[in-house]
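A.B. asks: The sequence and its predicted three-dimensional model are supplied below.
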Amino acid sequence: MHGVTDDVPLLDDLMPWSVAPLRLGRSWVAAPDVRSLRARWAVLAAAEGDEREALFGPTRARTAHSSVAALPGQRTATVRLAREAGPCPEPVRLARGPFDEQWLLPDHRLLDAARPELWRVADDRQLFAVEQGYVPRAAGPALLVTAVLPEGRSPDGRSGRVRPLHRRPGGRDPNVAPGLLELLADRYGSEVTAGDLLAWALAAGRPSPAGCRVPLPAGPEVWASGVALGHRMTAVQSRGARGGERPRLPGGRRPYVRAAVPARPGALSYDAPDESLYLGEGRIAPVPAGAWDYRVGGARVLELWFERRTAAAGPGTLDAVRPAAWLQEWTSELLELITVLALMAGLDASRPRVTDGITRGELRAAGVLPVPTAARRPASVLDHHEEGPEGQFALL
């Protein structure tokens with residue numbers, strides 16, 4: 001049985017270019033709201049010398065004196081942070097863990113490992129497949145997808161891999177093993193796109209110690225139904241970011257605020273018979289049990305999302321610069337998150353089961369495997385100057 005499992009293709013065989021998760025190095029550079037980030041930058045910029053260095057939080061990879069190039073596509077200064085006196089960088093969206101869209105200061109000087117190769121291909125045509133780190137016997141999907149630049153870490157901090165759908169901006173150069181799409185089109189009797197392959201992987205992928213396993217079905221019927229399911233999952237998880245509509249539950253099942261969320265909600269709890277989610281004295285309903293219990297890597301998504309907005313921060317740190325009360329925008333985001341999780345719980349029940357499919361041995365016989373080394377490296381996308389340290393142009 002172990003040998004049979006090993007012959008099921010890995011996502012690494014199918015989408016060979018992958019990038020390690022971002023390593024922020026300091027938690028204060030990301031937040032669930034933009035105002036906190038601007039306020040933190042103001043505190044940092046007002047500090048001088050050793051106080052600024054202490055607030056910054058130096059590591060072996062970054063100090064306030066590090067000389068660092070600008071991130072691709074970002075208009076940020078490149079003078080050493082110890083001398084920085086300019087305005088706050090414009091925050092950008094960051095998928096910080098499963099289904100949690102927060103904000104990030106996109107300044108290379110602040111990030112230990114920003115993965116510039118991801119920033120070079122992040123545009124309005126891109127999707128990112130995010131493998132979840134393997135947790136034995138843990139409930140949850142092996143693969144998620146986002147239209148927002150992902151941090152790429154699982155709830156417990158384990159490193160998965162981030163796999164962009166396209167290797168170049170503008171939706172060009174699919175991140176697919178050479179020859180694979182042609183092989184699948186011949187097998188299934190219809191055109192297969194890179195987006196179809198990602199949709200199938202999202203629907204059929206399963207966790208394993210070696211990474212996300214993606215069984216490829218032998219026949220076209222299972223393939224077609226799985227691809228259709230995966231495209232629906234993609235639309236829900238990306239929240240309509242690529243031309244689709246934002247996810248909505250049917251009338252009568254949409255969650256509403258039944259009692260206002262207090263300024264400082266004490267705890268998150270769930271009443272299953274009443275389908276009510278309580279935030280202290282606040283109440284949202286209906287919340288399907290599938291949304292409440294939706295887990296990734298064994299962690300309940302709603303509990304993790306709530307904790308990241310209410311956990312105490314150490315005094316005297318930039319993390320402590322945060323809203324004094326619950327923000328109205330968080331309630332709106334929570335309603336959408338409940339919708340996404342409820343829809344995903346329903347879609348998960350239809351995931352395809354493949355018992356007889358295309359093996360890694362067949363992919364080797366067809367010349368798809370082993371994947372050429374060049375397909376595992378970033379493509380050359382450098383058609384513009386990027387600013388290097390201290391305002392100099394980077395030599396590319």
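C.D. replies: Structure's in. What do you need? Numbers count the residues shown, from 1 in each chain.

A.B. asks: top helix in this structure by residue count?
C.D. replies: Secondary structure assigned by DSSP state H gives helix 328-348 as the longest helix of the chain.

A.B. asks: my read: residue 58 touches residue 52, true?
C.D. replies: No. Between residue 58 and residue 52 there is no contact under C-beta atoms under 8 Å: 10.3 Å. For every residue, glycine as well, the C-beta is placed using N, CA and C.

A.B. asks: For the stretch 251-396 of the chain, which segments count as helices?
C.D. replies: Secondary structure of the stretch 251-396 of the chain (DSSP state H, counting those that start in this stretch): helices at 289-292, 301-310, 328-348, 360-365.

A.B. asks: okay, those helices in TSV with mean pLDDT, mean neighbour count and distance to residue 271 next?
C.D. replies: Below are the helices of the stretch 251-396 of the chain laid out as TSV (pLDDT from 0 to 100; neighbours: other C-beta atoms under 10 Å; distance: least, C-beta to C-beta, whole Å):
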stretch	mean pLDDT	mean neighbour count	distance to residue 271
helix 289-292	98	19	10
helix 301-310	97	19	14
helix 328-348	98	18	14
helix 360-365	97	14	48
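
A.B. asks: low pLDDT regions in this structure?
C.D. replies: 1-4, 157, 159, 381-388, 390-396 (pLDDT under 70).

A.B. asks: Any figure for the gap between residue 249 and residue 337?
C.D. replies: 12 Å (C-beta to C-beta, to the nearest Å).

A.B. asks: thinking again about what came up before, residues touching the longest helix of the chain, excluding its own?
C.D. replies: Contact with helix 328-348 is made by 32-33, 99-101, 141, 229, 232-233, 236-237, 239, 246-249, 253-257, 261, 277, 284, 287-288, 290-291, 293-294, 301-302, 305, 309, as judged by C-beta atoms under 8 Å, 6 or more residues apart in numbering.

A.B. asks: Outline the domain layout of the chain.
C.D. replies: 10-247+352-391, 258-312+326-343 (automatic domain parsing).

A.B. asks: how about the strands in the stretch 251-396 of the chain?
C.D. replies: Ranges of strands within the stretch 251-396 of the chain are 256-259, 268-271, 276-279, 282-285, 295-296, 299-300, 357-358, based on DSSP state E, counting those that start in this stretch.

A.B. asks: who does the fourth one touch, helix- and strand-wise?
C.D. replies: Where contact means 3 or more C-beta pairs under 8 Å, 6 or more residues apart in numbering; DSSP states H and E, strand 282-285 is packed against strand 256-259, strand 276-279, helix 328-348.

A.B. asks: change it to 10 Å
C.D. replies: Applying 3 or more C-beta pairs under 10 Å, 6 or more residues apart in numbering; DSSP states H and E, one finds that strand 282-285 contacts strand 256-259, strand 268-271, strand 276-279, helix 328-348.

A.B. asks: ok, residues contacting that strand?
C.D. replies: With contacts defined as C-beta atoms under 10 Å, 6 or more residues apart in numbering, strand 282-285 is touched by 255-262, 265-266, 268, 271, 274-278, 326, 331, 334-335, 338.

A.B. asks: Kindly recompute the last result at 6 Å.
C.D. replies: Contacts to strand 282-285, defined as C-beta atoms under 6 Å, 6 or more residues apart in numbering, come from residues 255, 257, 258, 259, 260, 261, 262, 265, 275, 276, 277.

A.B. asks: That strand pairs with which strands, parallel or anti?
C.D. replies: Counting by DSSP bridges, the strands paired with strand 282-285 are strand 256-259 (antiparallel), strand 276-279 (antiparallel).

A.B. asks: about what we covered before: quick check: neighbours shared by residue 58 and residue 52?
C.D. replies: Common neighbours of residue 58 and residue 52 (C-beta under 6 Å, 6+ apart) do not exist.

A.B. asks: For the two, indicate the residue with more neighbours.
C.D. replies: Using other C-beta atoms under 10 Å as the criterion, residue 58 and residue 52 rank with residue 52 on top: 18 against 14.

A.B. asks: Around the closest residue to residue 361 other than its chain neighbours, count how many other residues there are.
C.D. replies: The shortest distance from residue 361 to any non-neighbouring residue, by C-beta to C-beta, 6 or more residues apart in numbering, is to residue 7 (6.0 Å). By the criterion of other C-beta under 10 Å, residue 7 has 15 neighbours.

A.B. asks: my read: residue 147 touches residue 239, true?
C.D. replies: No. At 7.6 Å, residue 147 and residue 239 do not qualify as touching, with contact defined as C-beta atoms under 6 Å.

A.B. asks: show me the contacts for residue 375.
C.D. replies: Contacts of residue 375 (C-beta under 6 Å, 6+ apart): residue 16.

A.B. asks: Swap in 7 Å and give it another go.
C.D. replies: 16, 17, 177, 178 (C-beta atoms under 7 Å, 6 or more residues apart in numbering).

A.B. asks: Identify, from the residues you listed, the entry nearest to residue 203.
C.D. replies: residue 177 (19.0 Å; C-beta to C-beta).

A.B. asks: separation between the closest one and residue 31?
C.D. replies: Distance of residue 177 to residue 31, given as C-beta to C-beta: 38 Å.

A.B. asks: what does residue 92 give?
C.D. replies: The value you get for residue 92 to residue 31, if C-beta to C-beta is used, is 12 Å.
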